[in-house]
Structure formats: structure tokens, C-alpha cells
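**Q** build the 3D model from these lines:
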Amino acid sequence: MKKYFLVLICLLSLNSFGQSFKAKVDTFRKGYMADFLTDKSSPLNKEDLQFLRFYDADSTYRVEAKAEILVNPSPFIMPVFAGTGRQYVAYARLTFTLNGKVQQLTVYRNLALAKISEYRDYLFLPFTDATNGKDTYHGGRYIDMHESDFKTNSVVIDFNRSYNPYCAFSGRYSCPKPPDENHLDIAVEAGEKLFAGEKK
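**A** Prediction:
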């Protein structure tokens, strides 16, 4: 009888965690969608939001990564899909396990944004994976991070928060192209999917 109650408590705890995690992801996505309506340069209007698509929230795509903070990295121009690239520096190399495989990604700092007090803490994690061109935008996806997210040489990466660049919605934008070093040879079935509306 005691064993039964222990199992029941564990199951209830797991269910509670799952519901809590989903609620956090839903809150993030509501904020993400709301930003399209307040950003003056937004490619979408209120009617377009119904065509945004996402994978179901999945806590297995929220991983803790070992972070190697890079010292005196050299600035470089990150290429864009169209237009002129911007200057970035690599901030940290992240090592983690996802889908049973050890993976690496590099997170970057935009040097122009770093000069603006509001974005001084902002870091940028662009990546591509095996879902691109099938279920997700062919040009890859982004995750926003902040320097304050890094604790004792580690950081949490939540792929449920990955989103499409504006280029996925319109050809009028110049979007950073994820560097080749940030390609994952696995399918990251989390975050934003292909836009279901007509590209502008």
C-alpha cells in the first residue's frame, strides 16, 4: 500500500510539472505573438497571427548546457540572407546532450546592440537543424538569451522558445544566417514551425 501511494505521488508530481511547464511556454508564446502588434517594423498584423504554428511544449527540449565563456573573441560579420551583415562576437560555446547525442552551439553578441543600454545584456543563439525546410523555416531559427542567464559556467537552453526570423514571414527583411558551426544534425521538434500564411 505504501509503495502504491509513493508511485501515485510521483505521477501527480510529474503531471503537475508538465502542466506548469506548458503554462510557461504558453505565456512565452502569447508574449511573442503580442510583440508583432507593438513592433513598428513587424511583418505581421493581427489577422496573420492565426497562421503561426508551434510544436507542443516538450520539457525534454529544455536542456542544461556547459558554457565555455570565450575570452577576447575576434569580431566578425555574420552573413545575412539578403543585404548587409552585422558585426558580432562569439560570447560562449555551449555543450549539451539532446536526443541522446552530445551537441555544441555558439551564442553570440551583436556589437551594435551592445552599445544600447536596453540590449547590453542581450545574446543571440541562431541555429539550424534537421527539421528546416520540412516542418520549420529553411533558414533556421533563433533563441534569445541574456548574459544574466549564465550561472557558474552553465546555462539553460529552452528550444521551446525558438522562433522564426522575420524573413520567414516576408522577403523585405535582412536576417542573420545561422553560422555553419551552429547546425545540429538532429531534428529539434520544439519551438516555432513554418508560417501557415502567405509570405509577404
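**Q** any low-confidence regions in this protein?
**A** Scanning the chain for pLDDT under 70 picks out the ranges 1-18.
**Q** just give me the longest strand of the chain.
**A** When the chain is scanned for its longest strand (criterion: DSSP state E), the result is strand 86-98.
**Q** who touches the first helix or strand past that one going along the chain?
**A** Sequence order places strand 101-110 as the next helix or strand after strand 86-98, per DSSP states H and E. Where contact means C-beta atoms under 8 Å, 6 or more residues apart in numbering, the residues beyond strand 101-110 that reach it are 65, 78, 86-97, 119, 122-127, 145, 157, 179, 181-182, 184, 186. Placement of C-beta: from N, CA and C, glycine included.
**Q** just the angle for strand 101-110 relative to strand 86-98, thanks.
**A** Per axes from the mean of the first three to the mean of the last three C-alpha atoms, to 10 degrees, the angle that strand 101-110 makes with strand 86-98 is 160 degrees.
**Q** just the C-alpha atoms of strand 101-110, please, in PDB.
**A** Only the C-alpha atoms of strand 101-110 are listed here, as PDB (Å, rounded to 0.1, in the frame of the first residue of the first chain):
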ATOM      1  CA  LYS A 101      23.700  13.000 -28.600                       C
ATOM      2  CA  VAL A 102      26.300  15.500 -27.400                       C
ATOM      3  CA  GLN A 103      25.800  18.700 -29.300                       C
ATOM      4  CA  GLN A 104      27.500  22.100 -29.500                       C
ATOM      5  CA  LEU A 105      26.300  25.600 -30.300                       C
ATOM      6  CA  THR A 106      27.800  29.000 -30.100                       C
ATOM      7  CA  VAL A 107      26.000  32.000 -28.700                       C
ATOM      8  CA  TYR A 108      26.800  35.500 -30.000                       C
ATOM      9  CA  ARG A 109      26.700  39.200 -29.100                       C
ATOM     10  CA  ASN A 110      25.600  41.800 -31.500                       C
END
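**Q** which parts of the chain are helices?
**A** Applying DSSP state H to the chain gives helices spanning 2-38.
**Q** list the buried ones in the longest strand of the chain?
**A** 88-94, 96, 98 (16 or more other C-beta atoms under 10 Å).
**Q** pairing partners for it, with directions?
**A** Applying DSSP bridges, strand 86-98 is found paired with strand 62-69 (antiparallel), strand 76-78 (antiparallel), strand 101-110 (antiparallel).
**Q** and of the ones you listed, who's closest to Asn45?
**A** Of all the strands paired with strand 86-98, strand 101-110 sits nearest to Asn45, with 26.8 Å by C-beta to C-beta.
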